[in-house]
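Novice: Turn this into a model:
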Amino acid sequence: MPGKLLGTTAEYKAGTGVYVDRDKLYAGIVGRVTVSTSEDKSKMLSINPVAAAFCDSYYPKIGDIVYGVVADVSKIDAKIEILSRETVPLKHGQKYAGIIRYEHIRDYEIDKIVVEECLLPGDIVKAKIVIIYGFTDRYRVERRKDFT
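Specialist: Below you'll find the model as predicted:
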């Protein structure tokens, strides 16, 4: 059930359908909880959505490569609307927002980054999901690495 306490960040990383609030992991969607091993060998909690067997809806997860359009830019970040996962566009009605913080724009001269000079509203960006916020509708993404 959404909102159900699943564990802590000391025990697990958050995967698909799981969100973090004050170092605790909670269910963000209805589904079956699974435990897997992430790329860095730590345990990751994810939820396989109940509806997954009945539709092709996409639920972004940590590590996914996505494309998005920059919607707004501030001094510390750029907000994007996620358009697709890899080469598969989101289904009509699916909306996910991403945030690219200034330190995730590039991996060199981070202290010299001026967000407004790097990204502009309307720019299309390729990024990787690194953190999930809230009930799986907002994501922190990074574009400082080559994902090809």
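
Novice: tell me the helices in the chain, going along the chain?
Specialist: 115-118 (DSSP state H).

Novice: quick one: least confident helix or strand in it?
Specialist: Every helix and strand in the chain was compared by mean pLDDT, DSSP states H and E; the lowest is strand 138-142, with a mean of 64.

Novice: Setting aside sequence neighbours, what's the nearest residue to L45?
Specialist: Nearest residue to L45 in three dimensions, chain neighbours excluded: Y12, at 4.5 Å (Cβ to Cβ, 6 or more residues apart in numbering). Quick note: C-beta positions are derived from backbone N, CA and C, even for glycine.

Novice: Roughly how far does that neighbour sit from G31?
Specialist: From Y12 over to G31 the distance is 16 Å, taken as Cβ to Cβ, to the nearest Å.

Novice: re the thing from before, need the pLDDT of the residue nearest to L45.
Specialist: On pLDDT, Y12 comes in at 92.

Novice: so what's it up against?
Specialist: Going by Cβ atoms under 8 Å, 6 or more residues apart in numbering, Y12 touches 6, 25, 35, 42-45.

Novice: mind giving me the domain ranges of the chain?
Specialist: Here the domain parsing of the chain from automatic domain parsing is 5-53, 65-142.

Novice: still on that earlier bit, can you tell me which of the contacts of Y12 is nearest L119?
Specialist: Nearest to L119 among those: M44, at 29.5 Å, using Cβ to Cβ.

Novice: Contact partners for the closest one?
Specialist: Going by Cβ under 8 Å, 6+ apart, M44 touches 12-15, 35-38, 62.

Novice: Check what pLDDT it gets.
Specialist: The model's pLDDT for M44 equals 89.

Novice: Ok, the one 5 residues further on next?
Specialist: Looking at P49, its pLDDT is 70.

Novice: Distance of it relative to I110?
Specialist: 36 Å.

Novice: With S36 instead?
Specialist: Distance of S36 to I110, computed by Cβ to Cβ: 31 Å.

Novice: cool, C118 as well?
Specialist: From C118 to I110 the distance is 11 Å (Cβ to Cβ).
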